[in-house]
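Trainee: let me see the structure of the following:
(one chain, ligands or ions: 2)
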Amino acid sequence: MARFEPVLLANIDRENSHRLSVYESTGGYQALRRVLAEMDPVAFTELVKSSNLRGRGGAGFPTGLKWTFLPKGHPGPIYMCINADESEPGTFNNRVLMEEDPHQVIEGIILSSFATRATTAYIYLRYEYPLSYERLQGAIDEAYAAGYLGKNIQGSDFSLDIYLHRGAAAYICGEETGLIESLEGKRAWPRIKPPFPAVEGVFRKPTVVNNIETVCCVKQIAQRGVDWFKSIGVPADPKNSRDPGSYGPKLYCLSGHVERPGCYEAPLGITCRQLIDEYGGGVWKGRRAKAAIPGGISMGLLTEAELDTPLDFAGPGKVGCLGLGTAAVVVMDETVSMVDFLYNSCRFFAHESCGQCTPCREGTEWSVRMLARIKAGKGRLRDLDLLLEIGDTIGIIPGTTICGLADGAAWPIKNAIRKFRDEFEDYIKRTNPTGYLVTDPVPALQVVSLH
Ligand SMILES: Cc1cc2nc3c(=O)[nH]c(=O)nc-3n(C[C@H](O)[C@H](O)[C@H](O)COP(=O)(O)O)c2cc1C
Ligand code: SF4
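Mentor: Residues are numbered from 1 along each chain as shown. Ligands and ions are numbered 1, 2, ... in the order given. Model (predicted):
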């Protein structure tokens, strides 16, 4: 397959790619000038809507459509909130954009704010990204000095201020309402929806939350047009009215047991195997793949036989995963123990659950305890069904939890045990040869520290 010519990552190998002069020398901010001179917010929103751009932050919600949920004729203020929390394990695409091409990010934010009539934009940045902080702040300062930010941008009647806000170093800060709470100076506890942020967001004012890669796609659509964007990716499925297609370029973060881990740009719809073999140089040390995470740990697992799954918004769902998520592919070779994988996943979610909802708080905690017991050689076969019961109840029942973390916690459990059940059973039988069938009375669960 011919390698896709990068667009989102086109500038990153240039010397000083983070500086305004370099960005402008490659046509940077031309799209913004044109949009401000020739379009109004409604027309620009329609343009993005017609591109079918879907948010790159994990849920794949159509961006232009989200913008139209803002109340019409609202006197303001309206806020644009840029989600740069990027805490999903395996995900680092936002980081590459912020560190290596921060002006592309800024131009995308200005265009998105113009469309939504936001006059203040906050970038909520993952605390653990000091270089992103430095580069973004440098780019913001340069953009103010050059008249791309502040009052009457480039002589137009549009004004915008951007504030960079460092996050609170927790996974839940990336959930959009947790992020808003944290931005307001409170604990990042997700809010019950509705009201959705478009109606009541930051400081209870209408707010749009968009991801860094999403606003970079907005900039590319403004520069290259809708036809270009829709010529890449996977068209809408005519037999499925709920599939609006997966258009445009995508950044895939490839890590784990591959020869060349990295952040790669490819069309939506590339298969997981193509990504591993053609971009990542294959599984490391000539080994075989055993499994891969298609899009962050919360999306579940692909088995080796499922690696031909297309990595578009619909693909992973067809093989029993939650979705494409952040398109962070983590490869596991044949030596990886699925028991260890699941134990580590569960520890992560138990640690990151904010604790507001009983199914999430208790379910994640009990899954860790049961897996710790299995790992310690005291597992019983029926533990596997108990774990599946947890997986089937913590996330899937609508309305029982406030946010999507619980659903994300459930998918690794369901996928690992359903797709690799033999391995779990063998492990339990091998490590608990005399006691694994004991069902009654239930041996007391060991209390295991999560830290
Ligand atoms: C637990 C949890 C963590 C999340 N973390 C992030 C994150 O780090 N970055 C992000 O953009 N979206 C994250 N999201 C999704 C956001 O809630 C939101 O959907 C997204 O920022 C919207 O941007 P988009 O429409 O541009 O995709 C997370 C969601 C959940 C449930
Ligand atoms: S689902 Fe979990 S993380 Fe989300 S609000 Fe409820 S307890 Fe908190």
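
Trainee: make it CA atoms for all contacts and neighbour counts henceforth
Mentor: Fine.

Trainee: so who does residue 233 touch?
Mentor: Shown in contact with residue 233 (Cα atoms under 8 Å, 6 or more residues apart in numbering): 246-249, 267-269, 312.

Trainee: in strands only, show me those.
Mentor: 246-247, 249, 267 (DSSP state E).

Trainee: helices or strands next to the worst-scoring helix or strand of the chain on mean pLDDT in the packing?
Mentor: Scoring the helices and strands of the chain by mean pLDDT, DSSP states H and E places helix 381-394 at the bottom, with a mean of 92. Judged by 3 or more Cα pairs under 8 Å, 6 or more residues apart in numbering; DSSP states H and E, the packing partners of helix 381-394 are helix 358-373, helix 405-419, helix 421-431.

Trainee: so which bits of the second one are buried?
Mentor: In this case it means helix 405-419. 405-417, 419 (16 or more other Cα atoms under 10 Å).

Trainee: switch these over to TSV; also include pLDDT and distance to residue 39.
Mentor: Formatted as TSV, the buried residues of helix 405-419 follow (pLDDT from 0 to 100; distance: Cα to Cα, whole Å):
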residue	pLDDT	distance to residue 39
405	95	39
406	94	42
407	93	40
408	94	40
409	95	43
410	94	45
411	94	44
412	96	45
413	96	49
414	95	48
415	96	47
416	97	50
417	97	53
419	98	51
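
Trainee: so which residues of the stretch 201-350 of the chain form helices?
Mentor: Here the stretch 201-350 of the chain has its helices, by DSSP state H, counting those that start in this stretch, at 212-224, 226-230, 272-274, 338-352.

Trainee: what about this protein, any weak spots by pLDDT?
Mentor: 1-2, 395-399, 438-451 (pLDDT under 70).

Trainee: from the ones in strands among the contacts of residue 233, pick the one nearest residue 116.
Mentor: Distance to residue 116, by Cα to Cα, is smallest for residue 247 among the ones in strands among the contacts of residue 233, at 22.0 Å.

Trainee: contact partners for residue 237?
Mentor: So residue 237 contacts 243-245 (Cα under 8 Å, 6+ apart).

Trainee: let's see if you can find the most crowded of these.
Mentor: Neighbour count (other Cα atoms under 10 Å) singles out residue 245 as the most crowded of those, with 23 neighbours.

Trainee: for residue 315, see how far away that residue is.
Mentor: 11 Å (Cα to Cα, to the nearest Å).

Trainee: can you check residue 186 too?
Mentor: Going from residue 186 to residue 315 by Cα to Cα gives 37 Å.

Trainee: more neighbours: which of these two?
Mentor: Remark: of residue 186 and residue 315, residue 315 carries more neighbours, 21 against 12, as counted by other Cα under 10 Å.

Trainee: residue numbers of the stretch 251-400 of the chain in contact with ligand 1?
Mentor: Contacts of the stretch 251-400 of the chain with ligand 1, taken as Cα under 6 Å from any ligand atom, are absent.

Trainee: quick one, what contacts the residue lying closest to residue 85 once chain neighbours are set aside?
Mentor: Leaving aside its sequence neighbours, residue 85 sits nearest to residue 126 (Cα to Cα, 6 or more residues apart in numbering; 4.1 Å). Residue 126 makes contact with 84-87, 166-169 under the criterion Cα under 8 Å, 6+ apart.

Trainee: switch to 10 Å and redo it
Mentor: Contact analysis of residue 126 by Cα atoms under 10 Å, 6 or more residues apart in numbering lists 83-87, 95, 132-133, 165-171, 173-174.

Trainee: could you tell me the phi and psi values at it?
Mentor: In terms of degrees, to the nearest 10, the main-chain angles of residue 126 are phi -50, psi 130.

Trainee: that one and ligand 1, how far apart?
Mentor: 8 Å (Cα to the nearest ligand atom, to the nearest Å).

Trainee: distance of that residue relative to residue 173?
Mentor: For residue 126 relative to residue 173 (Cα to Cα), the value is 9 Å.

Trainee: can you list residues touching both of these two?
Mentor: Common neighbours of residue 126 and residue 173 (Cα under 10 Å, 6+ apart) are 83-87, 167.

Trainee: near ligand 1 too, which of the residues you listed?
Mentor: Near ligand 1, by the rule Cα under 6 Å from any ligand atom, you find 83-87 out of the shared contacts of residue 126 and residue 173.

Trainee: among those, who's most crowded?
Mentor: That'd be residue 85 among these, by other Cα under 10 Å, with 30 neighbours.

Trainee: wait, that residue sits on residue 212?
Mentor: Yes: contact status for residue 85 versus residue 212: in contact at 9.4 Å, counting by Cα atoms under 10 Å.

Trainee: what touches both of those two?
Mentor: 57, 94-95, 123, 125.

Trainee: now secondary structure and neighbour count too, for those residues, in a markdown table please.
Mentor: Shown next, in a markdown table, are those (DSSP: H, G, I helix; E, B strand; the rest coil; neighbours: other Cα atoms under 10 Å):
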| residue | secondary structure | neighbour count |
| --- | --- | --- |
| 57 | coil | 25 |
| 94 | helix | 26 |
| 95 | helix | 23 |
| 123 | strand | 26 |
| 125 | strand | 29 |
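
Trainee: among those residues, which ones lie close to ligand 2?
Mentor: Counting by Cα under 6 Å from any ligand atom, no member of those reaches ligand 2.

Trainee: what angle do the helix or strand encompassing residue 81 and helix 212-224 make?
Mentor: Assigned by DSSP states H and E, residue 81 belongs to strand 79-84. Computed by axes from the mean of the first three to the mean of the last three Cα atoms, to 10 degrees, the angle separating strand 79-84 from helix 212-224 equals 110 degrees.

Trainee: residues in this protein within reach of ligand 2, list them.
Mentor: 190, 353-357, 360-361, 401-406.

Trainee: now for the residues you listed, which sits with the most neighbours around it?
Mentor: Going by other Cα under 10 Å, residue 360 tops those with 29 neighbours.

Trainee: quick one: it from ligand 1, how far?
Mentor: Counting by Cα to the nearest ligand atom - residue 360 and ligand 1 are separated by 11 Å.

Trainee: now swap in residue 152 and tell me
Mentor: 26 Å.

Trainee: can you check residue 301 too?
Mentor: Residue 301 is 18 Å from ligand 1, by Cα to the nearest ligand atom.
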